[in-house]
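Student: When you get a sec, could you give me coordinates for this:
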Amino acid sequence: MTIQQEITQALEAAFQPVALAVENESYRHNVPPGSETHFKVTLVSDSFESMRSVKRHQSVYAVLSDWLAGPVHALALHTYSPEEWSATASVPDSPDCRGGTGK
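Tutor: Now for the predicted structure:
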């Protein structure tokens, strides 16, 4: 099972999402081909209904702590309640990688 699949399963189990997208964005960074180190997560869940953004992110970090302590280097989170998602239904693009050299 890939790291992307593991993350997807963990988030599905923890949040019973209305919508979930886990995107491996490692190819956009200065890492070897086939890496699974940089992810973008879009998560829509009823459990976020009364939570502020920081608490939502903390709850995701808690679920993914083992991956964040190991193979995952970066995690972009976009968390929404179903009502917010209905009003937005779009996710910002991730910024371009600067190549890890500060260029």
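Student: my guess is Glu12 meets Leu20, correct?
Tutor: Yes. With contact defined as CB atoms under 8 Å, Glu12 counts as touching Leu20 (6.4 Å). In short, each C-beta sits where N, CA and C put it, glycine included.
Student: The two - which one has more neighbours?
Tutor: Each of Glu12 and Leu20 has its neighbours counted (other CB atoms under 10 Å); Leu20 has more, 16 against 13.
Student: Okay, and the more buried one sits in which element?
Tutor: Assessed by DSSP states H and E, Leu20 sits inside strand 19-24.
Student: Report the strands that pair with that strand, each with its relative direction.
Tutor: Strand pairing for strand 19-24, determined by DSSP bridges: strand 38-44 (antiparallel).
Student: I'd say Gln4 and Glu25 touch.
Tutor: No. Counting by CB under 8 Å, Glu25 is not a contact partner of Gln4; they are 10.4 Å apart.
Student: Residues that sit against both of the two, list them.
Tutor: Common contacts of Gln4 and Glu25 (CB atoms under 8 Å, 6 or more residues apart in numbering): Phe39.
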